[in-house]
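> I'd like to go over a predicted model; first the sequence, then the structure.
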Amino acid sequence: MRQTLTVFALLTTAIAVASVAAGEPKTQRSTVQAAVAATTRTPANIARDKYRHPVETLTFFGVKPGNTVVEIWPGGGWYTEILAPLTAGKGTLYAAAPWPNGTKGVQGLQAKDAALYGPIKLAAFPWAEGQPKVPDGSADVVLTFRNVHNWRMGNAQEGDYSAKAFAQMFAMLKPGGVLGIEDHRLPESASAEREKNSGYIKVSTVRRLAEQAGFKFVAASEVNANPKDTTDWKDGVWTLPPTYRLKDVDRAKYEAIGESDRMTLKFRKP
């Protein structure tokens, strides 16, 4: 039965792509597919699509070309390489990160291809007085990939600042706007203490933080689930690819497991 469903899904996708090529109206999914297929993407990033499922993830979040999108903590720009062509010419893309050094990855993309990445607006996150800011009530979609656990683990200056982070994301969004979160998933049965050092976080914790900030939970997707990941690694989530904290020790074992088990959650600002 599963094989039959898989074949059906593949055929459905092929028909959808063929329809777009034939000139039929583009769907939200087809515009995401086109952005993921952009020739400007880095080959090393494309190789990770099998773990990150960008078409399914961005389709689930409902990202559209005309949206004002905020990518929180884009790092080296893995998703930026997709979001830039997706919003080019129709929407607006913000890259919000610790100011100013957190935006260096995106600045590198801008230096490499000013036509594509130049329009990206840079902002501070978390924001503090005197830093460039995503205007309140301006965003259609705020996205953050594998970052909430970092805010929960905190920093030396203020400890756990996850509540502040969610409050600022809530402020960025228009009423009806979407918050999309993907993160390393800690089993609900695990000790909450593991959220402080493992890189994993519970779905219940993320939902609590979002709902306390005012968000309404919409839906969860299992598109980024990985049942091979037990999550119980001495060196945390960084044991797995792409980090391989143990370097060559048992590398084949961790490569076979793949990237982490991840939650994919969608919230809405009332």
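Yep, that arrived. Numbering: from 1, shown residues only.
> list the contacts for His125?
One thing to correct before we go on: residue 125 is Phe, not His. Ile72, Trp73, Ala96, Ala97, Pro98, Trp99, Gly102, Val134, Ala165, Gln168 (CB atoms under 8 Å, 6 or more residues apart in numbering). Heads up, the C-betas are built off the backbone N, CA and C, glycines and all.
> Please look at the second one and Ala97 and confirm they touch.
Yes. Under the criterion of CB atoms under 8 Å, Trp73 lies in contact with Ala97, with a separation of 5.1 Å.
> on that earlier part again, which among the contacts of Phe125 end up buried?
Using 16 or more other CB atoms under 10 Å as the burial test, the contacts of Phe125 include Ile72, Trp73, Ala96, Ala97, Trp99, Gly102, Val134, Ala165, Gln168 as buried.
> so how far is the first residue of stretch 180-197 from its last?
23 Å (CA to CA, to the nearest Å).
> could you pull out the strands for the chain?
68-72, 92-97, 121-124, 139-145, 173-186, 201-202, 216-221, 262-268 (DSSP state E).
> can you put these in TSV and add mean pLDDT?
As requested, the strands of the chain are exported to TSV (pLDDT from 0 to 100):
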stretch	mean pLDDT
strand 68-72	98
strand 92-97	98
strand 121-124	98
strand 139-145	98
strand 173-186	98
strand 201-202	98
strand 216-221	98
strand 262-268	98
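> now those strands as CSV including distance to Thr243?
Converted to CSV, the strands of the chain look like this (distance: least, CB to CB, whole Å):
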stretch, distance to Thr243
strand 68-72, 20
strand 92-97, 19
strand 121-124, 26
strand 139-145, 15
strand 173-186, 11
strand 201-202, 17
strand 216-221, 24
strand 262-268, 14
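> Which one, of these, ends up nearest to Asp248?
strand 173-186 (22.8 Å; CB to CB).
> Tell me how far the closest one lies from the chain's centre.
9 Å (CA atoms, centre = their mean, to the nearest Å).
> Distance check, the nearest residue to Arg152 once chain neighbours are set aside against Asn155.
Nearest non-adjacent residue to Arg152, counting by CB to CB, 6 or more residues apart in numbering: Ser162, 4.8 Å away. Relative to Asn155, Ser162 is positioned 11 Å away (CB to CB, to the nearest Å).
> sorry, back to before: between the strands of the chain, which one is nearest to Val249?
It's strand 173-186; of those, that one is closest to Val249 (CB to CB) at 20.6 Å.
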